[in-house]
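Peer 1: here is my input, please return the structure:
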Amino acid sequence: MKCVFWLLLSKACFASAPEIPFAFEPSATPGTFVARGLPGAITLHQSGFSLATSNSRVEIHWVRAAHPSVEAQERLPGLANSFVGNDPAAWRIRSPRYARVVFRGTYRGIDVVYYEKQAALECDFVIAPLTDPARIGFEVAGGRIATNGDLVIGGVRWKRPILLQGERRIPGGFVRHGRDRFGFKVGPYDHNRELVIDPGLIFSTYVGGSRNELARGLAVDSQGNVYIAGITSSIDLPVKSALQSAFAGSTAHPFTGDAFVAKFSPAGDVLYLTYLGGKGDDFASAIAVDSDGNAYITGSTNSTDFPVTKGAVQTKFSGFANNDLARFGDVFVAKLNPAGDRLLYSTYFGGSHNDVGLGIQVDAAGGVYVTGATASADFPTTAGAYQTKFGGQGGQDNLPCCAAPAFEAGDAFIFKLDPMHSKIVYSTFLGGTLDDGAFALALNEAGEAYVAGYTLSRNFPTTLGAFQRKFGGVESRTPDFHRGDGFLAKLNADGTTIAFSTYFGGEGDEWIAGIALDKSGAIYLTGASSSAAGFPVTPSALQTHYAGYTKLPADIEILFGNAFVAKMNPTGSALEYCTFLGGSHNDSGLAVAVDGGGNAYITGFTESPDFPVTHDAAQPKFGGTSSQEPYVLFGDAFFSIINVDGTRLLYSTFLGGRGDDIGWNVAMDPSGNVYVTGGTASADFPVKGQAFQGTFGGFQETLYFFRGDAFLSKFSR
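Peer 2: Numbers count the residues shown, from 1 in each chain. Predicted coordinates for the structure are as follows:
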C-alpha cells in the first residue's frame with residue numbers, strides 16, 4: 001500500500017511565471033535542486049524546500065526528518081548553464097535537467113516526491129505500508145490554516161491536501177501542532193488498499209500532417225521515453241532525426257501510405273520521428289522496446305521495395321492474393337536504433353495471401369515474438385510447432401457494395417525470432433476452419449507467449465479444463481465484420497504445445513483487443529461484447545448488465561456493444577472478475593495495462609454520452625462524433641482505471657473533441673505515469689502542456705476507416 005498526499009503551490013500566488021520550459025536542475029550544493037520555469041524561485045533540499053516571490057520568502061523545514069537519498073528522474077532534453085553571482089564556484093555549466101526529484105527516506109518509510117503540474121509545484125508524500133502518516137511534520141514561520149483548509153503563509157497559499165481512495169475522498173488536511181509547527185490529519189481509510197492521488201492530464205499532443213494518421217503501437221522504456229508507431233498518408237509529417245525523411249507510399253486510397261515511428265522524452269519532446277515504408281502500402285500496428293532503447297515494430301506491407309536488411313529471414317515479398325477487400329500483403333518486423341536514424345534489422349514474413357502483424361514483444365535476451373492473422377496456407381511454420389497446417393478462413397458476410405467481405409482473417413499465428421534475428425525459433429498457426437485473428441500479445445519471464453483475439457471457428461482448439469470450451473455465438477444484428485467469440489491461449493516457450501486455450505464470449509460478438517499480465521501471472525483482458533445474454537460477468541462486478549445498443553441505428557453497421565474488462569487466473573481456468581464498461585451506444589476496450597497493485601488501466605473508444613466517468617475526470621463530458629460517419633462512429637477515446645477486484649471505478653474520463661477520437665493503446669512508465677495513444681479527427685482535441693504539435697494537422701476523406709491525426713496523451717499517477 002502507498003498513501004500519496006497532494007500538495008499544490010498555486011501559480012496564482014505569484015506575481016508572474018517566467019516563460020521558460022520547466023525543469024529541475026542540480027545546484028552548486030550537493031543534494032539540492034532548483035526549479036526553473038515555475039512561478040517564483042524554488043529550491044529543494046534534504047530538510048525541506050524554500051520559495052521566494054516578489055514580496056516574500058518562505059522556508060519549509062521537515063521536523064525530525066532523516067537524511068534522505070536524492071534521486072532525479074525523467075531526464076529532459078538539453079543542458080542548462082547558470083552564471084549567478086560573482087563566485088565561479090557557484091556557476092553551473094551544462095547541468096542536466098529533470099522532470100521529477102525524489103527524496104527517499106525523508107522519514108522512515110516515507111519518500112517526498114516533487115514535480116510540476118499545471119504550472120505549479122507538487123509535493124507528494126509516498127508512505128510505505130504500516131507507516132504512520134503522523135510522522136510527517138514541518139515548521140514554517142507565520143503560517144495559519146484558512147477556513148477552506150489551505151495553509152496561508154504570507155502571500156503564499158499551500159492548497160489543502162486532497163486524499164482519495166478509489167472514488168471515495170478521505171477526510172484530512174493540515175493540522176497545527178504548535179506556533180509554527182504543522183502536520184497532517186488523516187481520516188479513516190482502508191490500510192490494505194492504495195490511497196492515491198487522482199490522475200491528471202499532464203500533456204497531450206497531436207502527431208500528424210495534412211492527411212491521415214493513426215497510432216496503434218505504444219511502448220515505454222526504462223528511462224521513461226515513449227515510443228509510438230502507426231500509419232500515415234501525409235507527405236508533410238514533421239520528421240526529426242529520421243531513418244526515412246520522405247514519404248514513399250501509395251496514395252491510391254486515402255488511408256494508405258507509410259508506417260511511422262516516433263520517440264518522445266518524458267516531458268513530451270520529440271526525439272525522433274520517421275517514415276518507414278516502400279512504394280506500396282505499409283502500416284505499423286505494434287511496437288516494443290528493449291533495455292538498450294532499440295525499437296521493434298511490426299505491421300504489414302505490400303511494398304515490394306520495403307527496406308529489408310542483409311541476413312533477414314525473408315528478403316522478398318510473398319504476395320497479397322485474397323478473398324476480401326483488404327490487401328495487407330506480408331508481415332514486417334523492423335528494429336530501429338535508439339536515435340531512430342538507423343535500421344538495425346528488417347524482414348518480410350508471410351505467404352502468398354494476406355498476412356498482418358498485430359502484436360510484438362521482445363524478451364530480456366532479445367528474442368522477438370510476433371502475432372497477428374494470416375490467410376496464407378503457405379505461411380512459414382516450423383517443424384514440431386503446435387499447428388503446422390492452415391485451418392481455414394471464412395464466416396464473414398459479403399458487403400452489399402462489393403460482393404466480398406471487408407476482411408477475412410484466416411488463422412491466427414505466433415512466431416519467434418532468435419536474439420540475432422537470423423533464425424525462426426518457432427512459427428505456428430492457431431485456428432479452426434473459419435476466421436481467427438490475434439490482436440494482442442503478452443510475454444512472461446519464462447518466454448511463454450499469451451495471445452488473444454477473436455474466432456468464428458466452432459472447432460477452435462481449446463484445452464481440457466479451460467474456462468470456456470464451447471463456442472458462444474455470432475451477433476446476428478451486425479451486417480459487417482463479425483467477431484464471434486474472443487479467445488485466449490498460452491503457448492509454451494518453444495511453441496510446440498499450448499498450456500491452455502479458451503473461448504471467451506456469449507451469444508453475440510466478442511473480441512479481445514488488449515491483454516496484460518500482473519506479477520502473479522493473472523491475465524487482464526479488455527475488448528467488446530454485444531452479448532446481452534451468456535457473457536460471463538461476475539456477480540459483484542462494477543457493471544453486471546449490458547447497456548449498449550439493442551438495435552443498431554440505420555447508419556451504423558457494426559454492433560460492438562459495451563467494453564469489458566476481465567481478470568483470469570494464471571491457468572486460464574476461472575475468472576477472478578469480469579465486468580462490462582460502457583453506456584447506451586457502442587463502446588470497446590482496445591488496450592489494458594496493470595500496475596503493481598493489480599489495478600487495470602484501460603483505453604478504447606465510446607460513442608456513449610453516458611459512458612461512466614468519475615467526478616475527478618480530466619474531461620467529464622462527451623466531446624462528440626460529428627466527423628466520422630456513416631457506418632462506424634467512434635465518438636471519444638476514454639481512459640479508465642478499475643480496482644484490483646473489478647468492483648469499482650477508480651478513475652474514468654472522456655478524451656476527445658467534437659470529431660471522432662479513438663484510444664488504441666495504453667502504457668505505464670517506471671514512475672507510474674500513464675500514456676494513451678490513438679487517433680483523432682477533432683480540431684479541438686484537448687491539447688495540453690508543452691505539446692510537440694499544438695494544432696490539428698488535417699485529414700483526407702476516407703470511408704470505413706479512421707481519419708485525422710495521431711495523438712499522444714500523458715496522465716500523472
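Peer 1: quick one, what contacts Y577?
Peer 2: The contact partners of Y577, taken as Cβ atoms under 8 Å, 6 or more residues apart in numbering, are 538, 540-541, 566-567, 645-647. To be clear about C-beta, it is placed using only N, CA and C from the backbone, and glycine gets the same treatment.
Peer 1: tally up the residues packed near F317, please.
Peer 2: By other Cβ atoms under 10 Å, the residues close to F317 number 20.
Peer 1: thought it was touching F328?
Peer 2: No - taking contacts as Cβ atoms under 8 Å, F317 lies outside contact range of F328: 11.8 Å.
Peer 1: shared neighbours, the two?
Peer 2: N302.
Peer 1: so which of the contacts of Y577 wins on neighbours?
Peer 2: Highest count within the contacts of Y577 by other Cβ under 10 Å belongs to A566, 29 neighbours.
Peer 1: which SSE is immediately downstream of the helix or strand it falls within?
Peer 2: Following DSSP states H and E, one finds A566 within strand 562-568. Counting by DSSP H and E, the next helix or strand C-terminal to strand 562-568 is strand 575-581.
Peer 1: what's the mean pLDDT across that following strand?
Peer 2: In this model, strand 575-581 has a mean pLDDT of 98.
Peer 1: got the angle for that strand vs strand 562-568?
Peer 2: On the basis of axes from the mean of the first three to the mean of the last three Cα atoms, to 10 degrees, strand 575-581 is oriented at 170 degrees to strand 562-568.
Peer 1: dump strand 575-581 to PDB, restricted to CA.
Peer 2: Presented in PDB, the C-alpha positions along strand 575-581 are these (Å, rounded to 0.1, in the frame of the first residue of the first chain):
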ATOM      1  CA  LEU A 575     -12.300 -15.700 -13.800                       C
ATOM      2  CA  GLU A 576     -11.400 -13.600 -10.900                       C
ATOM      3  CA  TYR A 577     -13.700 -10.900 -12.200                       C
ATOM      4  CA  CYS A 578     -15.400  -9.800 -15.400                       C
ATOM      5  CA  THR A 579     -17.300  -6.600 -15.900                       C
ATOM      6  CA  PHE A 580     -19.000  -4.600 -18.600                       C
ATOM      7  CA  LEU A 581     -17.800  -1.000 -19.000                       C
END
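Peer 1: run the chain-centre distance for that strand.
Peer 2: The chain centre lies 20 Å from the centre of strand 575-581; the measure is Cα atoms, centre = their mean, to the nearest Å.
Peer 1: out of the contacts of Y577, which one sits closest to S671?
Peer 2: K567 (24.4 Å; Cβ to Cβ).
Peer 1: who's the closest one bridged to?
Peer 2: On the basis of DSSP bridges, K567 is bridged to Y524, Y577.
Peer 1: how close does it get to F467?
Peer 2: Going from K567 to F467 by Cβ to Cβ, to the nearest Å gives 12 Å.
Peer 1: shared neighbours, the two?
Peer 2: The contact sets of K567 and F467 overlap at L575 (Cβ under 8 Å, 6+ apart).
Peer 1: give me the element V152 is part of.
Peer 2: strand 151-153.
Peer 1: note down every partner strand of that strand and its orientation.
Peer 2: With DSSP bridges as the test, strand 151-153 is paired with strand 143-145 (antiparallel), strand 156-158 (antiparallel).
Peer 1: packing partners for the longest strand seen in the chain?
Peer 2: Looking across the chain with DSSP state E, the single longest strand is strand 92-107. For strand 92-107, the packing partners by 3 or more Cβ pairs under 8 Å, 6 or more residues apart in numbering; DSSP states H and E come out as strand 23-26, strand 33-36, strand 69-82, strand 110-116.
Peer 1: now do the second one: distance to the chain's middle.
Peer 2: It stands for strand 33-36. Counting by Cα atoms, centre = their mean, strand 33-36 is centred 30 Å from the centre of its parent chain.
Peer 1: for that strand, what is the average pLDDT?
Peer 2: 85.
Peer 1: got the contact list for that strand?
Peer 2: Strand 33-36 is contacted by residues 18, 20-27, 41-44, 70, 72, 80, 97-98, 101, 114, 116, 121 when judged by Cβ under 8 Å, 6+ apart.
Peer 1: tell me the buried residues within these.
Peer 2: Among these, those buried by neighbour count (16 or more other Cβ atoms under 10 Å) are 22-27, 42-44, 70, 72, 80, 97-98, 101, 114, 116, 121.
Peer 1: ok, back up a step: strand 110-116 and the longest strand of the chain, what's the angle between them?
Peer 2: Relative orientation of strand 92-107 and strand 110-116, computed by the same axes, to 10 degrees: 140 degrees.
Peer 1: now strand 92-107, how far from the centre of its chain.
Peer 2: 26 Å.
Peer 1: repeat that for stretch 461-472.
Peer 2: Chain-centre distance of stretch 461-472: 30 Å, with Cα atoms, centre = their mean.
Peer 1: what comes up buried for it?
Peer 2: For stretch 461-472, using 16+ other Cβ under 10 Å, the buried residues are 461-463, 466-468, 471-472.
Peer 1: which of the strands paired with strand 151-153 has the lowest average pLDDT?
Peer 2: Among the strands paired with strand 151-153, strand 156-158 has the lowest mean pLDDT, at a mean of 70.
Peer 1: do you know the pLDDT at P419?
Peer 2: For P419, the model assigns a pLDDT of 97.
Peer 1: count residues in the vicinity of the closest residue to it other than its chain neighbours, would you?
Peer 2: Spatial nearest neighbour of P419, excluding adjacent residues (Cβ to Cβ, 6 or more residues apart in numbering): G366 at 3.4 Å. Using other Cβ under 10 Å, G366 is surrounded by 17 other residues.
Peer 1: how close does A574 get to E213?
Peer 2: Counting by Cβ to Cβ, the gap from A574 to E213 is 41 Å.
Peer 1: what about these two, which has more around it?
Peer 2: Neighbours were counted for A574 and for E213 using other Cβ under 10 Å; E213 has more, 28 against 10.
Peer 1: surely that one meets G708?
Peer 2: Yes - counting by Cβ under 8 Å, E213 touches G708, with 7.2 Å between them.
Peer 1: find residues that contact each of these two.
Peer 2: Joint contacts of E213 and G708 (Cβ under 8 Å, 6+ apart) are G679.
Peer 1: contacting residues around G521?
Peer 2: Neighbouring residues of G521 by Cβ under 8 Å, 6+ apart: 444, 570.
Peer 1: using the three-state scheme, assign the closest residue to D610 other than its chain neighbours.
Peer 2: Nearest non-adjacent residue to D610, counting by Cβ to Cβ, 6+ apart: G583, 4.0 Å away. Three-state call for G583 (DSSP: H, G, I helix; E, B strand; the rest coil): coil.
Peer 1: surely G583 touches S608?
Peer 2: Yes - using Cβ under 8 Å, G583 is in contact with S608, at 2.7 Å.
Peer 1: who touches both of these two?
Peer 2: Common neighbours of G583 and S608 (Cβ under 8 Å, 6+ apart) are 547-548.
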